[in-house]
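Fold the following for me, if possible:
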Amino acid sequence: MVKRRIGLLDIANKVGVSKATISRYLNTPDLVSPSLQKRISQVVETLGYLPNKAPSILSNAKSHAIGIFIPSITGQVFGDVLSGIEATSDAYGYQAMITHTGRHQDKEEIRLRSLLSYNIDGLILTERTHSPSAMKMISLAGIPVVEIMDSVLPCIDMAVGYDNFKAAKQMVERIIATGKRNIAYLSAQLDERSIQRKAGYEAAMAEHDLQTYTLPTTDLTSYELGENLLHQLLQCNPQVDAVFCCNDTLALGVFFECQRLNIKVPQQLAIAGFHGHNIGQHVYPKLTSVLTPRYEMGKIAADMLIRRLNGETLTQKVIELPVEYLNGSTI
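Numbers count the residues shown, from 1 in each chain. I've put the predicted structure just below:
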């Protein structure tokens, strides 16, 4: 059942003032006394009020637009996801409204408030952790939500993705099978997916009674960061003979720096990445990586969302897609 949108009258009744006073506060706050501003602000936050930028005649109509939240506008991963989403949304006649969060919850909250004010019909989110205010807005909006990139963590409504833990564990097992024993894990951003991959790495190492060594950082991923992490690794753990990176960008940064330092890959240092970027398959030797189904995931996510909007009842609300392993020649 779709929840009724909170309106100005709800706020006015809660504060004990007229609807006109609430409208005045929202449009020109300085015309309202500071003490009243504080009271109204608290009620607005408590009720989760969202301004409505659509004309009143359209307030209860479909916008035929869906909001897409992505953490990064650079790189291949989310470009492929968006291509898949738009392939489906275009076919159904829906407009994809894309917003970038930079992996910051406060930005997600601001962008969410803005998009919901346009009466979007549904949401596709790429993160699983959201601020309490964002969760309240999503709940009050009463629209279908699909979360992507992961098929394991609890979801708000629906989800489509892959098992990051399992994919990482199997990749590390492949590295171990080549005879490497001093394997390190390098990660950036420390989002929930990189943490799951770290857990997969640790599980594989534990099963073979091998010592783990991780270099985690909250910095955004880049080739330069991969270079820097390699230098840290060689200084702190000179016995390292393989690295598993949370994504291909880091892995290629390590790979390029190995070439500059004349470190033979994979003889002296094996390297594996995650996501299967095209560029990794056009270097020599080719990068070993986990190929994630990004385009297909985007298509399925949009299809699930729009089918729900069209009144269908979905029997499967969480879909796990398989990954592929690009053997390459770097392990």
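
and the closest residue to Y213 other than its chain neighbours, which of the three is it?
The shortest distance from Y213 to any non-neighbouring residue, by C-beta to C-beta, 6 or more residues apart in numbering, is to A184 (4.4 Å). C-betas here are computed from N, CA, C, even on glycine. Per DSSP: H, G, I helix; E, B strand; the rest coil, the local secondary structure of A184 is strand.

Contact partners for A184?
Y213, T214, L215, L233, N237, V240, A242, V243, F244 (C-beta atoms under 8 Å, 6 or more residues apart in numbering).

Show the pLDDT at it.
Listed pLDDT for A184 reads 98.

what does A54 give?
53.

C155 contacts V318, correct?
Yes - at 6.5 Å, C155 and V318 qualify as touching, with contact defined as C-beta atoms under 8 Å.

so what's the most centrally placed residue in the chain up against?
Residue closest to the average C-alpha location in the chain (C-alpha atoms, centre = their mean): T126, at 3.1 Å. Residues in contact with T126, defined by C-beta under 8 Å, 6+ apart, are F69, I70, P71, F78, V81, E147, I148, M149.

give me the element the fifth one is part of.
By that I understand V81. Assigned by DSSP states H and E, V81 falls within helix 77-92.

before we move on, what about G200?
Using DSSP H and E, G200 falls within helix 192-207.

Which positions in that helix come out as buried?
192-198, 200-205 (16 or more other C-beta atoms under 10 Å).

Identify the bridge partners of A242.
Taking DSSP bridges as the rule, A242 bridges to I183, A270.

per-residue pLDDT, it?
pLDDT at A242 comes out at 98.

Do I have it right that it meets N182?
Yes - with contacts counted by C-beta under 8 Å, A242 reaches N182, the gap being 7.0 Å.

Neighbour count: the two, which is higher?
Higher neighbour count among A242 and N182: A242, with 24 against 15, using other C-beta atoms under 10 Å.

tell me the contacts of that one?
Per C-beta under 8 Å, 6+ apart, neighbours of A242: I175, T178, K180, N182, I183, A184, P266, L269, A270, I271, A272, I331.

And S83, by the same measure?
S83 sits next to Y295, G298 when contact means C-beta under 8 Å, 6+ apart.

Let me see the ranges of the helices in the stretch 101-250 of the chain.
Under the criterion DSSP state H, counting those that start in this stretch, the stretch 101-250 of the chain carries helices at the ranges 105-116, 132-141, 164-177, 192-207, 223-236, 248-260.

Can you tell me which of those helices is most buried?
Mean neighbour count (mean count of other C-beta atoms under 10 Å) peaks for helix 248-260 among the helices of the stretch 101-250 of the chain, with a mean of 23.

Put the alpha carbons of it into PDB.
The C-alpha coordinates for helix 248-260 follow below in PDB (Å, rounded to 0.1, in the frame of the first residue of the first chain):
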ATOM      1  CA  ASP A 248      41.000  -3.500 -11.400                       C
ATOM      2  CA  THR A 249      42.100   0.200 -11.100                       C
ATOM      3  CA  LEU A 250      44.200  -0.700  -8.000                       C
ATOM      4  CA  ALA A 251      45.500  -3.900  -9.700                       C
ATOM      5  CA  LEU A 252      46.600  -2.000 -12.800                       C
ATOM      6  CA  GLY A 253      48.300   0.700 -10.700                       C
ATOM      7  CA  VAL A 254      50.300  -2.100  -9.100                       C
ATOM      8  CA  PHE A 255      50.900  -3.800 -12.400                       C
ATOM      9  CA  PHE A 256      52.200  -0.500 -14.100                       C
ATOM     10  CA  GLU A 257      54.500   0.200 -11.100                       C
ATOM     11  CA  CYS A 258      55.900  -3.400 -11.300                       C
ATOM     12  CA  GLN A 259      56.800  -2.700 -14.900                       C
ATOM     13  CA  ARG A 260      58.600   0.500 -13.900                       C
END
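
quick one on the thing from earlier: for ChimeraX, what selects the buried ones among the contacts of A184?
Typed into ChimeraX, the line below selects the buried ones among those, using 16+ other C-beta under 10 Å:
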select :213,215,233,240,242,243,244
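
can I get the contacts of A184 in JSON lines with distance to L116?
Listed next are the contacts of A184 as JSON lines, based on distance: C-beta to C-beta, whole Å:
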{"residue": "Y213", "distance to L116": "44"}
{"residue": "T214", "distance to L116": "38"}
{"residue": "L215", "distance to L116": "39"}
{"residue": "L233", "distance to L116": "44"}
{"residue": "N237", "distance to L116": "48"}
{"residue": "V240", "distance to L116": "48"}
{"residue": "A242", "distance to L116": "46"}
{"residue": "V243", "distance to L116": "42"}
{"residue": "F244", "distance to L116": "39"}
